[in-house]
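S.K.: sequence and computational prediction follow.
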Amino acid sequence: MSFLVAAALAVGVFVLAPLVAHFLRRGRTPERLFPPAALVSRLEAHSKERSRLEDRSLMSLRMVMVVVLALLGATPLVQCSRLSVDRPHGASVALALVMDDSHSMRARDPSGESRWERARQGARQLLRSVRDGDSVAIVLAGKPARLALSATTDLGAARAALEELRQTDRGSDLESALVLARSALENLEQPDKKLIVLSDLAGSTLDDPTVVAPLDDELRRPVDDCGLIGARRQAERLSVTFACSAAASVPRGLRLVAATPPESILTDPGGMERATYEPRPGIQTLSFGLVPGAGEFALTLTPGDAIVENDRVTVSQASAQLDVAVVADENNAGVITGGPTVIEQAIRAVRPEVIVRPFGMLPDDPRELAKFAALISDDPPGLGPESRSALSEWIERGGVALGMLGPASSGLQLSSTLEPFAERGARWEPNPTPLDIDPSSLPWLGQEAFSLRLLTRTGRMRLDGAGLPGSTTAATWQDGVPFLLRRTLGAGLVVTAGLPAAVEHSDLALRPAFLALLDSVIGEAEQRRGPGAGLVGESWTFPASSKVTITGPDGPLAVQTEGCDPAAGATDCAPGQQVATPELVGPYSVTNGDSVQARVARLDEHEITDPPGSAGVAGQGRLDGAESGAVDASPELALALLGLFAGELALRVGSEARRRRRAARALG
């Protein structure tokens, strides 16, 4: 406390003045005549009445007035840590609040307040300091960065939008959030434009002179945190992954939570109970024996820490793995050295977590295909009625099928067709001259598209005119003939390629683009069927014709038509695919038509392992942004003082009236 503040508050010492004044007030001793006194010689004596308080309420009121007067005098000299908007030029400002809603902002301090709540308090203080004519925009820094509120001069709408924000488990995307914030302010008329970041800056260093990052002490203290990233079932093993922050120091243990006895879930339940794990920075993977057919259960990390939300993970049968069926002839799609086919080896190279199930023939029972999310058929010699029906039904329920057509696919029997991959008109065109794929027709493959030159050995499948209704061309040869066809069928997808995987017919299986193609097909299967685990914030897409409902850890999850924003008042949206974005970690139940799927949104481990970042000198200073401000409580204190004066006057009038009534009764 400065000398000036202490001197101003010293006026409060005079609170004793009314008390002293009331004690000094003395009453007269009443005189009474005593008849025998007339017989005694006169001797005058004086006595003083004991000092006493006659009107305690009036005295108390006057003491309060002195205290308020002292506070009123000290108010202009007091500074507090409340955030406020600095106005070096006195004009209106354009303010962009970058709110970090990522998982790391869930960390709590010893008092139990989370970083997110502290950031929202700071944002509320900043919005209380804005004035009419100022513009406010709000950007969320959880991955991917989003514009929560476009720049507006409606300060009431800005405050309401701030109160509607909710904490998520997304990763952090601060750089993109700053780009959004700048674009939100660049076309505004206000001369002063301010970017204020309320974040722990996890894994980032902010040294931008145009950005201010207040609340350094509150948001960027290291915390003791370990969290469960995920748990995966693989055959008869349970793999558990957890990560710890650099500040974690307390040994952790795992506890199994289930309705059934632990012996019916783990082969050695006592081993989990006895084990403790040292919290070293980074990711650790633990493995346990799993009893076949074990039901759903949960794992809890103990003891609790700064972020309790990541100390529990649910393990269900449906959310364990992603199954892919490969239908191929080992003699054609195999390799000289033996072993799995080139398709199986490629899938395990690009997606090692995927479970590959090889088949010699396509199953003709839909129940055999029900557990698979994707199916890859290499050079099928035609599909019979039962196989076609089973495959089409499976695709309509959300399956993704890739058909790689070759010479065997052109010699169809009378009852066989290539549906649902192509019409019967597809034919094999022998050509000893190597042909190229047009890389410009494959932008979705990235740089790998340029590896598809001199691709063929013996020929190619002509798909021009062979596409089924609804097919679109996804890639072409250099002469314009389709190489890849895509067709949506119900909730699923059919992809048709004009080359087989056999290396005797082409080099497709030996090129990087083949891995990228398989990764794309499996990714489509994850989006439609699950049960793959994706990061929180990654969108799930569904066909426009599907009736989709999703239930997550926090209740129903909104499903929106792509390009339509109901919050913005869009009521008549054009047909398009449906999109849902999980905001919280945990299992989700997706009902798509008659099928029920299980999906898991997992946590980005960087939200635990990345330490709180730092702001450079530019970001920490009082750089025309958010800073501590003077407490201007003068109007409120002045009104209180006027009220006290009015109260004193009323008390004095009432006291005088009571004194006169008592005197009148004494005379009467």
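M.R.: Great, that's in hand. This structure is a prediction, so every number in the text was calculated from the model and none was measured.
S.K.: only C-alpha atoms for contact and neighbour calcs from this point on.
M.R.: Will do.
S.K.: looks to me like Thr488 is in a helix.
M.R.: No - using DSSP: H, G, I helix; E, B strand; the rest coil, the secondary structure at Thr488 is strand, not a helix.
S.K.: low-confidence regions, the stretch 251-400 of the chain specifically.
M.R.: For the stretch 251-400 of the chain, the stretches flagged by pLDDT under 70 are 316-321, 332-339.
S.K.: count of neighbours near Gly271?
M.R.: Close neighbours of Gly271, defined as other CA atoms under 10 Å, add up to 11.
S.K.: the one 10 residues further on now?
M.R.: Pro281 is flanked by 17 other residues according to other CA under 10 Å.
S.K.: so it sits right up against Asp610, yeah?
M.R.: No - assessed by CA atoms under 8 Å, Pro281 is found out of contact with Asp610, at 9.4 Å.
S.K.: which residues do those two both contact?
M.R.: By the contact definition CA atoms under 8 Å, 6 or more residues apart in numbering, Pro281 and Asp610 are jointly contacted by Ser245.
S.K.: pull out the buried positions in stretch 154-161.
M.R.: By 16 or more other CA atoms under 10 Å, the buried positions in stretch 154-161 come out as Leu155, Ala158.
S.K.: gap between it and the chain center?
M.R.: 22 Å (CA atoms, centre = their mean, to the nearest Å).
S.K.: contacts for that stretch?
M.R.: Arg124, Leu127, Val130, Asp132, Ser135, Val136, Ala137, Ile138, Ala148, Leu149, Thr152.
S.K.: most surrounded residue in those?
M.R.: Neighbour max across the contacts of stretch 154-161 (other CA under 10 Å) = Ile138, 27 neighbours.
S.K.: identify the bridge partners of that one.
M.R.: Beta-bridge pairing for Ile138 (DSSP bridges): Leu97, Leu149.
S.K.: my guess is it meets Glu163, correct?
M.R.: No - with contact defined as CA under 8 Å, Ile138 does not reach Glu163; the gap is 11.6 Å.
S.K.: hang on, the earlier thing: adding distance to Thr551, write the contacts of stretch 154-161 out as JSON lines.
M.R.: Below are these laid out as JSON lines (distance: CA to CA, whole Å):
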{"residue": "Arg124", "distance to Thr551": "32"}
{"residue": "Leu127", "distance to Thr551": "35"}
{"residue": "Val130", "distance to Thr551": "40"}
{"residue": "Asp132", "distance to Thr551": "42"}
{"residue": "Ser135", "distance to Thr551": "37"}
{"residue": "Val136", "distance to Thr551": "34"}
{"residue": "Ala137", "distance to Thr551": "31"}
{"residue": "Ile138", "distance to Thr551": "28"}
{"residue": "Ala148", "distance to Thr551": "24"}
{"residue": "Leu149", "distance to Thr551": "27"}
{"residue": "Thr152", "distance to Thr551": "34"}
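S.K.: looking at these, which is nearest Ile265?
M.R.: Distance to Ile265 across the contacts of stretch 154-161 (CA to CA) is lowest for Ala148, with 44.4 Å.
S.K.: tell me who's in contact with the closest one.
M.R.: By CA under 8 Å, 6+ apart, the neighbours of Ala148 are Ala137, Ile138, Val139, Leu140, Ala161.
S.K.: quick check: the gap between it and Ile196.
M.R.: 15 Å (CA to CA, to the nearest Å).
S.K.: what about the helices in the stretch 1-150 of the chain?
M.R.: 3-9, 16-24, 56-74, 115-128 (DSSP state H, counting those that start in this stretch).
S.K.: correction: the stretch 501-650 of the chain
M.R.: With DSSP H, counting those that start in this stretch as the criterion, the stretch 501-650 of the chain has helices at 512-528, 606-609, 617-620, 634-667.
S.K.: where's Asp364, which helix or strand?
M.R.: Under DSSP states H and E, no helix or strand contains Asp364.
S.K.: look up how far Ala349 lies from Val211.
M.R.: According to CA to CA, Val211 stands 44 Å off from Ala349.
S.K.: so for those two, which sits in the more crowded spot?
M.R.: Each of Val211 and Ala349 has its neighbours counted (other CA under 10 Å); Val211 has more, 23 against 13.
S.K.: beta partners of the more buried one?
M.R.: For Val211, the beta-bridge partners are Leu195 (DSSP bridges).
S.K.: quick check: it vs Pro144, distance?
M.R.: For Val211 relative to Pro144 (CA to CA), the value is 20 Å.
S.K.: then Gly593?
M.R.: On the measure of CA to CA, Gly593 and Pro144 end up 29 Å apart.
S.K.: with Val223 instead?
M.R.: 25 Å.
S.K.: of the two, give the one with the bigger neighbour count.
M.R.: In this view Val223 and Pro144 are compared by other CA under 10 Å, and Val223 has more residues nearby, 21 against 16.
S.K.: let me see the contact set for the more buried one.
M.R.: Contacts of Val223 (CA under 8 Å, 6+ apart): Ala107, Ser245, Ala247, Ala248, Ala306.
S.K.: does the last one really touch Pro222, like I thought?
M.R.: What that stands for is Ala306. No - in this structure Ala306 lies outside contact range of Pro222 using CA under 8 Å: 9.9 Å.
S.K.: and the two? which has more neighbours close in?
M.R.: Higher neighbour count among Ala306 and Pro222: Ala306, with 21 against 17, using other CA under 10 Å.
S.K.: which among the contacts of Val223 end up buried?
M.R.: Buried subset of the contacts of Val223 (neighbour count, 16+ other CA under 10 Å): Ala107, Ser245, Ala247, Ala248, Ala306.
S.K.: verify the stated contact: Glu538 with Thr581.
M.R.: Yes - in this structure, Glu538 is within contact of Thr581 by CA under 8 Å, at 6.1 Å.
S.K.: which non-adjacent residue is nearest Phe645?
M.R.: Using CA to CA, 6 or more residues apart in numbering and skipping the chain neighbours, the partner closest in space to Phe645 is Met65 (7.7 Å).
S.K.: burial count for that neighbour?
M.R.: 21.
S.K.: next one: Ala91
M.R.: Residues near Ala91, counting by other CA under 10 Å: 12.
S.K.: list the contacts of it.
M.R.: Gln190, Pro191, Asp192.
S.K.: need the contact list for the residue nearest to the last one when sequence neighbours are not counted.
M.R.: In this structure, Asp192 finds its nearest non-sequential neighbour in Val93, 4.9 Å apart by CA to CA, 6+ apart. Taking CA under 8 Å, 6+ apart, we find Val93 in contact with Arg87, Gly133, Asp134, Ser135, Gln190, Pro191, Asp192, Lys193, Lys194.
S.K.: any idea whether Leu499 is helix, strand or coil?
M.R.: coil.
S.K.: thinking it is in contact with Gly406, fair?
M.R.: Yes - using CA under 8 Å, Leu499 makes contact with Gly406 at a distance of 5.6 Å.
S.K.: shared neighbours of those two, anything?
M.R.: Among the neighbours of Leu499, those also in contact with Gly406 (CA under 8 Å, 6+ apart) are Arg460, Met461.
S.K.: dump the residue contacts of Gly470.
M.R.: Arg487, Thr488.
S.K.: using a markdown table, lay out the contacts of Val223 together with secondary structure and distance to Leu238.
M.R.: Formatted as a markdown table, these follow (DSSP: H, G, I helix; E, B strand; the rest coil; distance: CA to CA, whole Å):
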| residue | secondary structure | distance to Leu238 |
| --- | --- | --- |
| Ala107 | coil | 28 |
| Ser245 | coil | 24 |
| Ala247 | coil | 28 |
| Ala248 | coil | 25 |
| Ala306 | coil | 26 |
